[in-house]
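> take a look and give me a structure for this.
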Amino acid sequence: MTTTADDAPQEENPLLAGEESVSFALPPSDATEEAAQRAVLRAADHLLARQATEGWWKEFFSTDVSYDAHDLFLRHLLGVLDEQVAAASGRWIRSQQSADGSWPLVFDGPGHLGTTVQAYVALRLAGHRPDEEHMLRSAAWVREQGGVTEVQLEPRVWLAMLGLYSWDGLPEVPPEIIALPKWAPLNIYSFGFVMRQALVSLSIISAHRFVRPVPFGIDELFTPSDGTDTGRTPAPAISWEGVFQRVNTLLRAGRRIIPGPVRRAAVNAGAGWLLERQEADGSWGACTPITTWVMLALHLNGYPPGHPVLKAAFGFLDDCASWPENDVRRLQTVHSPVWDTCLSTTALRDAGLPAGHPALVKAADWLLAQQADRPGDWAVRRPHLAPGGWSFQFHNQNYPDLDDTSEVVLALLRVDHPEQARLDDAVRRAVRWSVGMQSGNGGWAAFDADNTSTLPGKLPFFDFGEYCADPPTPDVTAHMVEMLAALGRQRDPATRRAVRWLLGQQEDSGAWSGRWGVNHVYGTGCVLQALAAAGTPGDHPAVRRAVTWLTSVQNDDGGWGEDWESYADPALLGRGPSTPSQTAWALLGLLAVGERDSDAVRSGVRRLTGQQTDDGTWEEPHFTGVLVPRAVACRYGYYRHVFPLMALGRYARHQGREDGHRGPEGGC
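You can find the predicted model right below:
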């Protein structure tokens, strides 16, 4: 990882220089098509110029400022907070504050209480005074929302460690949970991978009830209540909340009666489990928020900041930090090179770049080297399945995912590689692993198979509901169906079961929800492409209902958009300001099912071509990606570029995504 995308060489683009140039399927028939062809050439030029020397593409992955705050909290708690880092991070956090004093989860979104409280405390650590105007506005906004006691669990855990909230106001997380057998309800493998690592870490932190006080208080963030939630009226005993309130009372009593050796053994087992999952780059899950939790847990279990394990983890966090200006520090939540590279490869092929172009071969070489070659946590449910997936990041062997794997295979199938046998072998291993990860209901989840328990979402440990587990989703399943169809396996039993599952997931409106992209525009665009690839006719009732829904939510400007709040408010489904990525998702779905000459597609194409910037890309400050619906949104820096390039490329070249796919000789 020696070259950043910004430092990548700016080479002359053969698309425009005449060498191996793009040839469109037909001459332009009108101004809309001609504009699309010009936009494709400029966008391909922009993308090719940004490939790193190693072959990958990567753009900045943004979330809200919570994780910048966590980074400062961690450094304070471990006693290593540097004044320069604190001040520079504080400047970034301050720059993201809204006019009303709050901090949002997404660009131009409403204030979020948990994010605002954490940002406020981080600014105090960075030296901002409570009597400064922006801090007064923030504190007043927090009080108007009910104060600190109304925030989610995660911020309150951080506040408890900083000496700003009582541990007695938090639910118990017993470290003995690590000992539950894999078949037991609420064992750690009942949780999704992110929640799983956070849960084990939180159980160790909770056992220690660690406090390293900050040199200030935050009374100004509390309402006139006493600042704890221990006096809340008990919920009815027959409700889940009531059950867990009473269980929590028993667990709290257990702190006094569980023998010390038993608790120490549980804590040590949890620490050992975490140590086994540290990645080569020093992280856990190649993700900054999870890495900070694990670092705290290990520190409390005896690892000083200078220990090689924590030094490597700090190295990962520092690698994720960007200094756009000398006095501003911004933390990147995760690196996304595998995802960005496979999507960029597909986009360039859609643009008409030849399959054997050196940039694509270089990208394929890099992707082939990233394939997982050892089991991860997924093997708990599939112990006899050989590895073969791809993860999202530079280094993440423990948690490959089905979304990346399917998109990597789709990209590789469109590259003419000089070592075809090597590529074919990688595809075979990936498909074997992917098919083996199909859940019993016919769908695919991101990281696990059959991880569908609803119990984790009812615990007071997290506030993420159904997203504490990892059930199959329409978007991931759709990508898997596309992959199998590209290999000629439309009639494979796995594909047919998945198509039936997808059809059963269509909502009354005609749309499908999106788990990893916002939201029904994403899910519907994905599923329409999958159904078309699997041979579902364009006049199928499910297809027609989806087309009707997409055209009904198209904006007057020709684009599509969907607000992040649609995960919480059904009235916002498919509604929001037009964005390049969401417009492209809708177009990709419509193009796949034969709507190329429709008014909706043509106006959508005109929207994209009219919004292209002088340097060949698109502007998109909005967050159209998702980590946890209703809780953590994200902005992929390349979504604004690769998806419009795909959509315009397919429109301009009169082609669908499946064109150019070919499976390994002998099949999979």
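
> what comes up buried for the helix or strand where G114 lies?
Secondary structure from DSSP states H and E places G114 in helix 113-125. Buried residues in helix 113-125, counted by 16 or more other CB atoms under 10 Å: 113-125. For the C-beta atoms, the positions are set from N, CA and C on the backbone; glycine is no exception.

> let's have these in a markdown table, adding pLDDT.
Converted to a markdown table, the buried residues of helix 113-125 look like this (pLDDT from 0 to 100):
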| residue | pLDDT |
| --- | --- |
| L113 | 96 |
| G114 | 95 |
| T115 | 97 |
| T116 | 98 |
| V117 | 98 |
| Q118 | 98 |
| A119 | 98 |
| Y120 | 98 |
| V121 | 98 |
| A122 | 98 |
| L123 | 98 |
| R124 | 98 |
| L125 | 97 |
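
> surely D470 meets S453?
No. With contacts counted by CB atoms under 8 Å, D470 stays clear of S453, the gap being 9.8 Å.

> who has more neighbours, these two?
D470 (28 against 18; other CB atoms under 10 Å).

> just checking, what packs against the helix holding G114?
Applying 3 or more CB pairs under 8 Å, 6 or more residues apart in numbering; DSSP states H and E, one finds that helix 113-125 contacts helix 66-77, helix 83-95, helix 133-144, helix 153-161.

> nearest to T609, out of these?
Smallest distance to T609 across the helices and strands packed on helix 113-125 (CB to CB): 32.5 Å, for helix 83-95.

> would you mark the buried spots in that closest one?
Across helix 83-95, burial judged by 16+ other CB under 10 Å covers 85-94.

> would you list the residues you listed in TSV and tack on pLDDT?
Shown next, in TSV, are these (pLDDT from 0 to 100):
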residue	pLDDT
V85	94
A86	96
A87	96
A88	96
S89	96
G90	97
R91	96
W92	96
I93	97
R94	97
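
> which members of these are the farthest-apart pair?
V85 and R94 (14.7 Å).

> after the least confident helix or strand in the chain by mean pLDDT, which helix or strand is next?
In the chain, no helix or strand scores lower on mean pLDDT, DSSP states H and E than helix 14-17, which sits at a mean of 44. Sequence-wise, the next helix or strand downstream of helix 14-17 (DSSP H and E) is helix 31-48.

> which residues in the stretch 201-350 of the chain form strands?
Secondary structure of the stretch 201-350 of the chain by DSSP state E, counting those that start in this stretch: the strands cover 321-325, 328-331.

> what residue ranges in this protein score low on pLDDT?
1-23, 225-256, 461-466, 656-668 (pLDDT under 70).

> distance of the closest residue in space to L591 that isn't next to it in sequence relative to A584?
Leaving aside its sequence neighbours, L591 sits nearest to R650 (CB to CB, 6 or more residues apart in numbering; 5.3 Å). Taking CB to CB, to the nearest Å as the measure, R650 falls 10 Å from A584.

> who has more neighbours, those two?
The neighbour count for R650 versus A584, taken as other CB under 10 Å, is higher for A584 (31 against 24).

> mind checking how far that one is from A592?
12 Å.

> A652 contacts T32, correct?
No. A652 lies out of contact with T32 (CB under 8 Å); the separation is 9.7 Å.

> comparing the two, which residue is more hemmed in?
Shown here are A652 and T32; by other CB under 10 Å, A652 has more neighbours (28 against 17).

> ok, back up a step: so the residue nearest to L591 sits in a helix?
Yes. Assessed by DSSP: H, G, I helix; E, B strand; the rest coil, R650 belongs to a helix.

> ok, it touching R349?
No. Using CB under 8 Å, R650 is not in contact with R349, being 10.2 Å away.

> overlap in contacts, the two.
Common neighbours of R650 and R349, using CB atoms under 8 Å, 6 or more residues apart in numbering, do not exist here.

> which parts of stretch 531-551 are buried?
Those would be 531-534, 536, 542-543, 545-547, 549-551, for stretch 531-551 by 16+ other CB under 10 Å.

> so who does the residue lying closest to R602 once chain neighbours are set aside touch?
Nearest in space to R602, with sequence neighbours left out and distances taken as CB to CB, 6+ apart, is T32 at 5.4 Å. By CB under 8 Å, 6+ apart, the contact set of T32 is 602, 605-606, 609.

> go again with 7 Å.
602, 605-606 (CB atoms under 7 Å, 6 or more residues apart in numbering).

> now V157
170, 202.

> let's see 10 Å
V157 makes contact with 165, 167, 170-171, 173, 202, 205-206, 293, 296, 461, according to CB atoms under 10 Å, 6 or more residues apart in numbering.

> then A207?
172-176, 255, 258, 263-264, 266-267, 270, 297, 300-301.

> now do it against R264, distance only.
Distance, A207 to R264, by CB to CB: 9 Å.

> same check, this time on T32
70 Å.

> what do you get for A379?
On the measure of CB to CB, A379 and R264 end up 29 Å apart.

> now I205
Distance, I205 to R264, by CB to CB: 15 Å.

> more neighbours: these two, which one.
Legend: neighbour count by other CB under 10 Å for I205 and R264, higher for I205 (24 against 13).

> just checking, the more buried one touches V173?
Yes. Assessed by CB atoms under 10 Å, I205 is found in contact with V173 at 8.0 Å.

> can you work out which residues contact both of A652 and T32?
Residues touching both A652 and T32 (CB under 10 Å, 6+ apart) are 605, 609.

> re the thing from before, in TSV, list the buried residues of helix 83-95 along with distance to L367.
As requested, the buried residues of helix 83-95 are arranged in TSV below (distance: CB to CB, whole Å):
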residue	distance to L367
V85	34
A86	38
A87	40
A88	34
S89	33
G90	38
R91	37
W92	32
I93	35
R94	39
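
> quick one: which of those is nearest A355?
W92 (42.0 Å).

> list the buried ones in the helix or strand where D365 lies?
Using DSSP H and E, D365 maps to helix 358-369. Within helix 358-369, the residues that count as buried by 16+ other CB under 10 Å are 359-368.

> any idea which helix or strand comes after it?
Helix 358-369 is succeeded, C-terminally, by helix 402-412 (DSSP H and E).

> packing partners for that next one?
helix 337-351, helix 358-369, helix 420-436, helix 474-486 (3 or more CB pairs under 10 Å, 6 or more residues apart in numbering; DSSP states H and E).
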